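In: Got a predicted structure plus its sequence, pasted below:
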Amino acid sequence: MDKEHQIYAPDMPMGLDIALAKNRNAMNYFHSLPEAAQEQIKEHTHSITNKHDMQAYVDSLVQPTMS
């Protein structure tokens with residue numbers, strides 16, 4: 001199975017994997033990042049305690065920011 005379609009990767013926090021699976025644009029973005037950037041995202045998810053906040057975080061990866 002190629003990386004783009006892989007869900008439940010062994011080193012991926014499960015909540016992150018599930019949230020990425022629900023947002024294809026975020027999944028594609030995540031997998032396009034260098035490994036170091038992916039690791040930073042994974043590390044950040046350890047502080048997220050519920051599904052809603054995890055999905056909001058994943059969605060924010062591809063949302064334009066308001067300045």
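Out: All right, it came through fine.

In: For Lys22, which non-adjacent residue is spatially closest?
Out: With sequence-adjacent residues excluded and distances taken as C-beta to C-beta, 6 or more residues apart in numbering, Lys22 is closest to Gln55, at 6.5 Å. In this view, the C-beta of every residue, glycine as well, is placed from N, C-alpha and C.

In: Please apply the same query to Val58.
Out: With sequence-adjacent residues excluded and distances taken as C-beta to C-beta, 6+ apart, Val58 is closest to Ala19, at 3.9 Å.

In: which residues in the protein form helices?
Out: 14-21, 24-32, 35-45, 51-60 (DSSP state H).

In: and the angle for the longest one with helix 14-21?
Out: So that's helix 35-45. Put simply, helix 35-45 runs at 110 degrees to helix 14-21, going by axes from the mean of the first three to the mean of the last three C-alpha atoms, to 10 degrees.

In: re earlier: show me what contacts the residue nearest to Lys22?
Out: Ala19, Lys22, Asn23 (C-beta atoms under 8 Å, 6 or more residues apart in numbering).

In: Show me the one in those that has more neighbours than the rest.
Out: Within these, neighbour counts (other C-beta atoms under 10 Å) peak at Ala19, which reaches 25 neighbours.

In: wait, isn't that one in contact with Met54?
Out: Yes. Between Ala19 and Met54 there is a contact under C-beta atoms under 8 Å: 4.8 Å.

In: returning to what we had before: find me the pLDDT at the residue nearest to Lys22, would you?
Out: Gln55 is assigned 98 on the pLDDT scale.
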